[in-house]
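Student: Just need the structure, nothing else, for what follows:
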Amino acid sequence: MKKIMLVIALATLAGCASNGAVENLQSQIDVLKTSTAEVSVLAKGAQLAAAQASTLAGNAEAAANRAAQYAQDANTKLDNLFKKSMSK
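Tutor: Predicted structure coming up:
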């Protein structure tokens with residue numbers, strides 16, 4: 001009889017420990033869900049920032065190409081003027 005009562009007591013304690021462990025795990029899962037949601041929001045923000053940076057870089061590249069073309073055109077005009085002045 002004492003053995004049966006001991007087994008029941010141990011089973012009850014094990015059940016309580018299991019419930020506490022389950023509650024602890026559920027709490028950790030809830031924290032992880034919250035963290036995952038926050039990371040997802042941050043990732044979407046980073047994606048948006050990267051897209052904006054890419055657009056700005058494309059615009060800067062186009063402006064640099066235009067400036068290079070203007071410089072080349074000016075250089076060609078100056079060379080032509082110099083050649084013209086030398087031939088006089």
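Student: how near is Q26 to S18?
Tutor: From Q26 across to S18, the span is 12 Å (Cβ to Cβ, to the nearest Å). For the C-beta atoms, the positions are set from N, CA and C on the backbone; glycine is no exception.
Student: ok, D79 - contacts?
Tutor: Neighbour list for D79: empty [criterion: Cβ atoms under 8 Å, 6 or more residues apart in numbering].
Student: Tell me the spacing between it and D73.
Tutor: Taken as Cβ to Cβ, the span from D79 to D73 is 11 Å.
Student: low-scoring pLDDT stretches of this structure, where are they?
Tutor: For the chain, residues meeting the criterion pLDDT under 70 lie at 2-3, 5-7, 9-17, 88.
Student: what about the helices in it?
Tutor: 2-86 (DSSP state H).
Student: burial measure for Q28, as a count.
Tutor: 10 (other Cβ atoms under 10 Å).
Student: cool, M1 as well?
Tutor: 5.
Student: how near is it to I8?
Tutor: 11 Å.
Student: And L78, by the same measure?
Tutor: For L78, the distance to I8 - Cβ to Cβ - is 103 Å.
Student: Kind regards, and thank you for your time.
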